[in-house]
Structures are given as structure tokens and as C-alpha cells.
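[1] need a structure here:
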Amino acid sequence: MAIECVSRTHVGLRRKVNEDSMLVLTDRGLWAVADGMGGHEAGDVASGKVVEALGQLHADTGLDALVDQAVSSLQGVNRQLIALAESGGRQTIGTTVVGLAISGGQFRSFWAGDSRAYRVRDGAIQQLTRDHSVVQDLVEAGMLDSEGARDHPNSNLITRAVGVAEDLKVDTVSGDVRAGDQFLLASDGLTRLVEDHELAAELSSKPPADAADRLIEMVLSRGAPDNVTIIITKYI
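    Presented below is the predicted three-dimensional model:
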């Protein structure tokens, strides 16, 4: 089996700085997207530190050991960012992160925040991650439906990220990989503007490179208020 990967990032139409960072190590079966927190200073520094740390992981140790390394590494970056914010008189220097590792017909995903991982299989899309956000908590509590969630005034408030709190908890999910499966990692600059069924349609009907280009075009055509970053991996 082989893996095809494409990635795209765009500053969007309203931001001056791209605070997203990404890690693409296809030969090692490791990918990640980090979204520096908008409205906070040095978001690009935070996301850059996350992908730099993840890029130093040893991918040949097995998936479970790799995820353990990733969580430990992110907790280390979390401490660095908190110290950096305190020394610089800033309130927060933070970033979300979502990572994916594939080996031996299995995947592991790890995340903190609202950057997402999806798997598309046989035309059906599954969100693998759960948003760490105020709106998601409201949805799960039955206080908000999915339609109201998209336009909720607190849709940008996340409940977990690297660099925000002393105790960083990183969630993980695992599963199998089959030929034809595609995985999508994305910052919320994509998922706030493009519905899941649209993601599935593009990924299912086009080669990964064409699908990635089309998704960026869709975001730009809808105003692109935020940075957007996409990584698509296809298991062949």
C-alpha cells in the first residue's frame, strides 16, 4: 500500500498573517495542522512551535508509542508557550492542533481544539475528532442544534488548546485504514464555511490535488474570513 498526500494553505481574504502551520511527513506517515489562535498575539509562533516539536518525533516506534510521544511533546510545548506569554506580558499564546499517523493498516489521530480530522470511505464522511468548543458542548447538552451551531455568536470560542492552561489534555482516536480511504486534516477556516457533505462530495469525485484546490476555491468564494489549511492523504 502507498499513500498519496497533498496540502494547501491560504491566508484568506481578511487576515494579514497566516497563523496556521502544517507538518507533512508522508514518508514517515505523520501529518499535522496547527491553527494559531486568532485574536491572540503570536499565534503563528505557537502553531510553528507545535509542528516543529511534532516533526522531531520518532515515527518508527509504533503508532501507540508515537501518540504517547506526541502527547508528551505537546504538553512540553504547552509549558513553553505559557512561560513565553508570561515573560512577554501577553495574556495567551495558543494554538489548536490535530495530528494523524498511519502505519500497518491502522491510524491514530490526536488533537486539542477545533481543528478537525475526517475519514472518507466509500463516499461517506466521518468526523474523527470532536471539537473542543463552547458550541460543541452546547450541542451535546441538547441546548443547540447543528444548524444553530454554525451561526452561534460564540462559535469561535474553544475550550482546549495548546498554550492556554497548565494542564493540557490531548484526545486520541484510532481505527483501521483500507485501500481508497482518504483522511482530511483541516483548520476551522475550512470547516466553518464548507459543510461535511460538500467535503465528502469533493473528496469522492476528484483526485486529492484537484479536491484540495476546489476546497480552497470554495472557501475564498465564501469570503475566507480566516486562514485555511488542508492536508489530504489517500491510502492507495
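
[2] Select the helix or strand of this structure having the lowest average pLDDT value.
    In the chain, the helix or strand scored least confidently by mean pLDDT, DSSP states H and E is helix 146-150, which has a mean of 63.

[3] C-terminal to that one, what's the next element?
    As assigned by DSSP states H and E, the chain's next helix or strand after helix 146-150 is strand 171-176.

[4] helices and strands around that following strand, which ones?
    Using 3 or more CB pairs under 8 Å, 6 or more residues apart in numbering; DSSP states H and E, the elements in contact with strand 171-176 are helix 63-87, strand 106-112. For the C-beta atoms, the positions are set from N, CA and C on the backbone; glycine is no exception.

[5] tell me the most buried of these?
    Highest mean neighbour count among the helices and strands packed on strand 171-176 (mean count of other CB atoms under 10 Å): strand 106-112, with a mean of 23.

[6] angle of it against strand 171-176?
    160 degrees (axes from the mean of the first three to the mean of the last three CA atoms, to 10 degrees).

[7] Run through who's touching strand 106-112.
    63-64, 66-67, 70-71, 74, 96-101, 117, 119, 128-129, 132, 160-162, 168-177, 183 (CB atoms under 8 Å, 6 or more residues apart in numbering).

[8] Now render the helices and strands packed on strand 171-176 as CSV, adding mean pLDDT and distance to residue 140.
    As requested, the helices and strands packed on strand 171-176 are exported to CSV (pLDDT from 0 to 100; distance: least, CB to CB, whole Å):
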stretch, mean pLDDT, distance to residue 140
helix 63-87, 95, 23
strand 106-112, 98, 16
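
[9] can you give me the strands in the protein?
    Assigned by DSSP state E, the strands in the chain fall at 3-10, 20-25, 30-36, 95-103, 106-112, 116-121, 124-127, 171-176, 182-186, 228-235.

[10] Quick one: the helices and strands packed on strand 171-176 as JSON lines, columns for distance to residue 137 too.
    Formatted as JSON lines, the helices and strands packed on strand 171-176 follow (distance: least, CB to CB, whole Å):
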{"stretch": "helix 63-87", "distance to residue 137": "21"}
{"stretch": "strand 106-112", "distance to residue 137": "15"}
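
[11] Determine which stretch of the strands of the chain is the most buried.
    Per stretch, and counting mean count of other CB under 10 Å, the top mean among those goes to strand 30-36, which has a mean of 29.

[12] Packing partners of that strand?
    Using 3+ CB pairs under 8 Å, 6+ apart: strand 30-36 touches strand 20-25, helix 43-54, strand 95-103, strand 182-186, strand 228-235.

[13] That strand pairs with which strands?
    Looking at strand 30-36 with DSSP bridges, its partner strands are strand 20-25 (antiparallel), strand 95-103 (antiparallel).

[14] Point out where this protein drops to low pLDDT.
    Filtered on pLDDT under 70, the chain yields the residue ranges 38-41, 145-155.
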